[in-house]
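Novice: Need a 3D model of the sequence below.
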Amino acid sequence: MARVPRDIETKFRKELGNVNPYMSVIDIAAKELLDKYTISEIEQLSKKYKHSRLSVGHLDLSKIPVFIHVSQMAFINSRAEQFCDEVLEFHKDNDTSHPNLDKLDKLRRLIYRIASSNGTKVVINKDNPIYAEYVGSIELKIADYYRVIRNTEFHGGIGESNSHLQLSDADLQEIKVSYKHKPNKFNDLTSRDVILYSQAWQKIAVNLCRKLIDLDSVVKKLCVEYSKCTAERRDNAISNKLRQDYLQSDDSINRLRNKTNGWIA
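Specialist: Numbering: from 1, shown residues only. The predicted model follows:
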């Protein structure tokens, strides 16, 4: 059976959902450790769990939750990169003539290849508006913000400063309105930041998967497939197919319905 965009999006969402509870348990365990044990008691526990040489007296243990949250973001980032690979495989872009895209992150490289294969001329610039058009402006800002935090901290910048990618007050307010949370700086990261990063990537997945197919071609085939049905059944069948398999919004479906004069190919 041929894959549809929904298959890729659903797999990615389930992978995030399956692991997030484990990450939450780790977060709870760390907070319990800090609340109930002294430095000396933690060092005694470390011997019990085969870390006999561990010394924690010089550490700022209040940063433990932050490190956990960055690790959770690393997991989300890893799954997001795998999602990008699956999207590219689904898209079947065999063009090997693409220019050097190393200056772009993986998501932007993917969008460049999809847009280019669709005949769009894309300037290789990380601020090109084409990227936001494909995945959502707010979601791209959130993904960039946490990706940069994750990359900086995993390449030697742990806790040095809060001089990561900055979001404007307008950006923060826009994100707050849409997701009920403003991204925190590195030293103030909470589990809510991890949730926000996951939410943004799930929305990116939906937005991107919507653009993986030639809608006109799909609609034409569906109109032929259901041409012998009653108008009501044809409308329900095609609308549900577009909504479920191809992740189209109701506005998009209405436009397509009008464009085909009621699903008449």
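Novice: who's in contact with Ile124?
Specialist: By C-beta atoms under 8 Å, 6 or more residues apart in numbering, the residues touching Ile124 are 99, 101, 103-104, 112. All C-beta atoms are positioned from the backbone trio N, CA, C, and that covers glycine.
Novice: Which of the residues you listed sits closest to Glu81?
Specialist: Comparing the contacts of Ile124 against Glu81 with C-beta to C-beta places Leu104 closest, at 13.2 Å.
Novice: Can you name the helix or strand that the closest one falls in?
Specialist: Using DSSP states H and E, Leu104 is not contained in any helix or strand.
Novice: distance of it from Pro65?
Specialist: 32 Å (C-beta to C-beta, to the nearest Å).
Novice: re earlier: among the contacts of Ile124, name the buried ones.
Specialist: Among those, those scoring as buried are 104, 112 (criterion: 16 or more other C-beta atoms under 10 Å).
Novice: Was I right to think Val206 contacts Glu9?
Specialist: Yes - if you go by C-beta atoms under 8 Å, Val206 and Glu9 touch, sitting 5.8 Å apart.
Novice: What are the boundaries of the helices in the stretch 1-150 of the chain?
Specialist: Secondary structure of the stretch 1-150 of the chain (DSSP state H, counting those that start in this stretch): helices at 5-36, 39-48, 64-91, 106-117, 130-135, 137-153.
Novice: for this structure, which spans come out with low pLDDT?
Specialist: Within the chain, the ranges that satisfy pLDDT under 70 run 1-2, 93-98, 153-164.
Novice: Mutual contacts of Val206 and Glu9, please.
Specialist: What both Val206 and Glu9 touch, as defined by C-beta under 8 Å, 6+ apart, is the set Leu247.
Novice: quick one: which of the contacts of Ile124 is nearest Glu174?
Specialist: Nearest member of those to Glu174, counting by C-beta to C-beta, is Leu104, at 23.6 Å.
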